[in-house]
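generate a structure from the sequence data that follows.
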Amino acid sequence: MSERSAIDTIKGYFYQFDYSIKCLLELKNDNDSIIIEGIEDIDIKTATEETAVQCKYYSKTEYNHSVIAKPLRLMLNHFKNAKDGKSKRVKYYLNGCYKSGHEKLKQPISVEFLKSNFLTYKRDNVTYRHYESLGLTDDDLREFISLLSININATDYDSQLNSILELLKKQFGCSDFEAENYYYNNALNIIKSLAIENAIEKRRITKKRFLQLIDNKKFLFNIWFIKYKGKKSYLKELRRNYFSSLNASPFERFFLIEVPPSDSYNRAELKELLMIISEKYSRLSKREKNPFCPYVLLFNISNQELINLKTDLHNENFIFKDGFDFYGAEFNPKSITIEANHYNNIRLKIISNFPQLELTLKEITKTKEIYQFYISKPLLKKNYETIKQVNIQIEELRDIKEVI
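Numbers count the residues shown, from 1 in each chain. Purely as a prediction, here's the structure:
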């Protein structure tokens with residue numbers, strides 16, 4: 001698959017995800033709900049009716065009747081089952097975005113138009129009439145048409161996204177940046193998670209529950225959001241909004257970093273990253289009234305490799321503290337929290353595990369901030385009410401260097 005084709009495919013997924021988000025935000029009642037991948041792509045259930053929605057995004061493709069014929073036949077299959085008492089009666093809605101050819105579909109459609117353009121097809125030189133295979137009469141098809149809505153003039157990808165951001169701003173009274181980077185990001189993650197559930201009831205969510213879940217300002221980013229933003233743009237925006245002015249404030253900053261698996265781990269790369277963090281987030285000059293340096297906690301690294309890493313730093317005259325004052329000593333939070341300044345030239349403070357992190361945080365009375373960079377799932381799951389926490393998903397260590 002070419003890069004352009006891959007991008008188009010990803011956009012198709014996002015278009016459907018975004019449509020689901022838009023539907024949830026536009027529901028009138030808190031207990032109204034949707035199901036992802038139910039009867040159709042999205043099933044919308046209100047107090048009075050249920051609608052099965054097929055969502056298509058072909059913004060570079062001309063509309064032809066054959067493009068929507070199969071989805072309509074599948075809807076007709078469900079309609080037949082409903083008439084036979086095997087399924088519940090619903091309405092049907094086909095929502096499609098196409099580049100051109102809209103004039104080909106004249107609405108409302110007639111029974112004959114439905115039969116000839118959507119329900120009759122050839123395969124291996126054999127003509128099939130889908131309505132005859134299902135045993136449906138013209139009256140049945142008129143009933144089906146009364147339940148069917150077709151929109152081939154759906155809004156394009158960007159217009160739909162902009163409308164979602166406006167709905168989020170209205171719902172939460174937030175800024176443009178918050179709407180996109182907090183609420184939309186969370187919404188995207190929730191819809192993606194629902195889509196991969198096996199049980200249909202687990203793919204259902206009410207408007208009330210959806211709003212509760214996305215109302216979360218933990219600055220949580222995820223891989224799907226990276227794909228939506230584009231990695232380069234994503235990393236640039238993170239730097240601009242979260243790290244561009246960090247080094248000016250004398251806060252106690254903790255950088256929690258998940259180290260890649262051993263098959264892709266490179267000590268030199270990690271060591272370089274630690275030195276960059278130290279250089280950017282330390283203030284040790286004589287003139288500095290409130291000198292400081294950062295803390296680092298490394299996840300997914302063996303004790304021996306951590307020792308090797310510290311040995312390299314020590315041999316290069318890179319001064320750090322790790323909370324151990326002498327051979328055989330226990331971790332001492334007072335030792336690691338000693339002020340870094342021009343005279344001792346402590347450039348980094350290295351924490352080895354969660355218990356040490358807890359002891360260190362309790363020892364510090366200054367303003368604290370935690371920046372966690374993780375590969376799959378956040379490793380620090382505890383929320384500190386008085387500490388700013390930023391959780392950022394990465395794919396590799398070099399991503400962090402592009403951000404901080």
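
rest of the way, CA atoms for contacts and neighbours
OK.

just the buried positions in stretch 270-277, please.
Within stretch 270-277, the residues scored as buried using 16 or more other CA atoms under 10 Å are 270, 273, 274, 277.

give me the neighbour count for residue 254.
When neighbours are counted by other CA atoms under 10 Å, residue 254 registers 22.

wait, it sits on residue 371?
Yes: the criterion here is CA atoms under 8 Å, and residue 254 meets it with residue 371 at 6.1 Å.

any low-confidence regions in the stretch 51-200 of the chain?
Counting by pLDDT under 70, not a single residue of the stretch 51-200 of the chain qualifies.

what does stretch 352-365 contact?
Applying CA atoms under 8 Å, 6 or more residues apart in numbering, the contact partners of stretch 352-365 are 297, 298, 299, 322, 331, 333, 334, 336, 337, 351, 368.

actually stretch 142-158, not the one I typed
The contact list for stretch 142-158 (CA under 8 Å, 6+ apart) reads 11, 15, 59, 63, 76, 79, 90-98, 102, 109-111.

top helix in the protein by residue count?
Using DSSP state H, we find that the single longest helix of the chain is helix 3-26.

after that one comes which helix or strand?
strand 33-36 (DSSP states H and E).

what lines up beside that following strand in the sheet?
strand 42-45 (antiparallel), strand 204-206 (antiparallel) (DSSP bridges).

what average pLDDT does that strand get?
For strand 33-36, mean pLDDT is 96.

got the contact list for it?
The contact list for strand 33-36 (CA under 8 Å, 6+ apart) reads 20, 23-24, 27, 42-46, 191, 194-195, 200-201, 203-207.

export the strands paired with strand 33-36 as CSV, with columns for mean pLDDT.
Output for the strands paired with strand 33-36, formatted as CSV (pLDDT from 0 to 100):
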stretch, mean pLDDT
strand 42-45, 94
strand 204-206, 97
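
go through the ones you listed and name the closest to residue 125.
Residue 125 sits nearest to strand 42-45 of all these, at 34.3 Å, using CA to CA.

roughly how far is the closest one from the heart of the chain?
Centre-to-centre, strand 42-45 and its host chain are 22 Å apart (CA atoms, centre = their mean, to the nearest Å).

what does stretch 332-349 give?
Distance, centroid of stretch 332-349 to centroid of chain: 38 Å (CA atoms, centre = their mean).

from the contact counts, what lies against the longest helix of the chain?
With contacts defined as 3 or more CA pairs under 8 Å, 6 or more residues apart in numbering; DSSP states H and E, helix 3-26 has these neighbours: strand 33-36, strand 50-62, helix 157-172, helix 185-195, helix 207-214.
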